[in-house]
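J.: Let me see the structure of the following:
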Amino acid sequence: MYLRANSTFYRLSLPALNLASLLFKTISFVNLSMKARRQKHFPDLFIISVDSLSFGGTGKTPLVMAIGRALEKRSLAFAIISRGYRSAYEKKGARVEPTHTVAEVGDEPWLFKKHFPNQDVIIGRDRLRSMAMATARKNRFIIMDDGLQTSQVRKDFSIMLVNPGHPYFYLRHFKFMMQRENMVLQYRGREQQAHKVLPGTYAFSGEGFWDVGNNRVDVGAARMIAFSALGDNERFKHDMAHYQLAAFRNFPDHHTFTAADIHALEALRREKGASWMVCTEKDFCKLNTLLEPATPLIYFQNKIELPDNAIEDIIKHAAEKGFL
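T.: Next comes the predicted model:
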């Protein structure tokens, strides 16, 4: 979402945006319904689908990581299947290796491999080919990122994240699609929660600031500028507003950063008298090869907070189907 909600242009554009969105949702629904008629079942796999109503910015990537950590805690091997959007290997597919670059496999799969070096991360536009690769490597648990788009595959457990703050035109699917999910969680800011995450909701909590060497950084009361290239940049801006934020810049989701971007941001940092430039971990993985040694760029890491029953329900379903 890159339109100012309070701008005149936004208000004038809203009817046209919603009409275009209605057409897009209808075409998407028909396409998914047609593919579901040829649905394939993989009885030897327990497939967990991580979904979202919106085009982006709900937190699918942190949710995939939370599920992965829960499986690793139980010593369960798994494969993460992702598209590798706008990457060099998106069309032909690949198993992500630690030596791959972000340009080759995409920012999200690269992050998945960073956090789960001992698990398979498989990318490709053809999800059935990715499933075959995961099966050949003896994986029994599959975490399918954005699995709703793969309606031709029967899922064992589907979990959907919903941000009620996203406008109608930013929703990729009709709301009734939520009825098909095993679990639906709605975003509520951490300040809206009482003391813990309430049933049916989710939130995010900060894990601190980190540098290029993955060392924790104490920013204290230092001024900073922040930027992000997410599906929902406003959420990151809101997180950074809890610190001494001097300026914030938006970039489109999956933006390919250049050296010119870094130089412009560094000029803004000096103009504002800030000590740090801050981005998300997802953005940082695309930037670290562009950095000069003295560039004061750090990233902010957060994690998704889920209700107590979320992971337990997934594990329970797996046990009932004989996978545990």
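J.: and this protein, what are its domains?
T.: 21-194+305-320, 205-303 (automatic domain parsing).
J.: From the chain's centroid, how far away is the shortest one?
T.: In terms of Cα atoms, centre = their mean, to the nearest Å, the gap separating the centre of domain 205-303 from the centre of its chain is 17 Å.
J.: Quick check: end-to-end length of that domain?
T.: 6 Å (Cα to Cα, to the nearest Å).
J.: where along the stretch 1-150 of the chain do the helices fall?
T.: In the stretch 1-150 of the chain, the helices defined using DSSP state H, counting those that start in this stretch lie at 8-36, 60-73, 102-105, 107-115, 127-136.
J.: Over to the stretch 151-300 of the chain?
T.: Using DSSP H, counting those that start in this stretch, helices in the stretch 151-300 of the chain cover 233-240, 259-272, 281-287.
J.: Go through those and name the closest to Ile47.
T.: Of all the helices of the stretch 151-300 of the chain, helix 281-287 sits nearest to Ile47, with 24.3 Å by Cβ to Cβ. For the C-beta atoms, the positions are set from N, CA and C on the backbone; glycine is no exception.
J.: got the contact list for the closest one?
T.: With Cβ atoms under 8 Å, 6 or more residues apart in numbering as the test, helix 281-287 has contacts from 61, 102, 107-108, 110-111, 114, 210, 227-230, 251, 256-257, 262, 279, 297, 299-301.
J.: Make sure Ala77 is actually in contact with Ile142.
T.: No: here Ala77 lies out of contact with Ile142, judged by Cβ atoms under 8 Å, at a distance of 10.8 Å.
J.: Between the two, which has more neighbouring residues?
T.: Ile142 (25 against 14; other Cβ atoms under 10 Å).
J.: Specify the beta-bridge partners of that one.
T.: Ile47, Ala79 (DSSP bridges).
J.: Use 37 as the first number from now on
T.: Done: numbering now begins at 37, and the last item shifts to Ile178.
J.: For Phe263, see how far away it is.
T.: To Phe263, Ile178 is 34 Å away according to Cβ to Cβ, to the nearest Å.
J.: Output the domains of the chain as JSON lines; include the columns mean pLDDT and distance to Ser49.
T.: Putting the domains of the chain into JSON lines (pLDDT from 0 to 100; distance: least, Cβ to Cβ, whole Å) gives the following:
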{"stretch": "domain 57-230+341-356", "mean pLDDT": "93", "distance to Ser49": "9"}
{"stretch": "domain 241-339", "mean pLDDT": "93", "distance to Ser49": "17"}
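J.: Now do the strands in the stretch 187-336 of the chain.
T.: 193-198, 219-223, 237-246, 252-253, 259-264, 280-286, 312-316, 333-341 (DSSP state E, counting those that start in this stretch).
J.: With respect to Thr171, which of these lies nearest?
T.: Closest among the strands of the stretch 187-336 of the chain, using Cβ to Cβ: strand 193-198, at 18.0 Å.
J.: picking up where we left off before, deepest-packed of the helices of the stretch 37-186 of the chain, please.
T.: Among the helices of the stretch 37-186 of the chain, helix 143-151 has the highest mean neighbour count (mean count of other Cβ atoms under 10 Å), at a mean of 23.
J.: for that one, packing partners?
T.: Judged by 3 or more Cβ pairs under 8 Å, 6 or more residues apart in numbering; DSSP states H and E, helix 143-151 is in contact with helix 96-109, strand 114-118, strand 156-159, helix 317-323.
J.: what's the offset of that helix from the middle of its chain?
T.: 11 Å.
J.: what sits up against it?
T.: 97, 100-101, 104, 116, 118, 120-121, 123, 132-134, 136-138, 141, 157, 159, 181, 290, 317-319, 321-322.
J.: so what's Glu140 up against?
T.: Applying Cβ under 8 Å, 6+ apart, the residues contacting Glu140 are 123-125, 130.
J.: Export those as JSON lines, with columns for distance to Lys109 and neighbour count.
T.: As requested, these are exported to JSON lines (distance: Cβ to Cβ, whole Å; neighbours: other Cβ atoms under 10 Å):
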{"residue": "Ser123", "distance to Lys109": "29", "neighbour count": "25"}
{"residue": "Ala124", "distance to Lys109": "33", "neighbour count": "15"}
{"residue": "Tyr125", "distance to Lys109": "30", "neighbour count": "19"}
{"residue": "Ala130", "distance to Lys109": "28", "neighbour count": "20"}
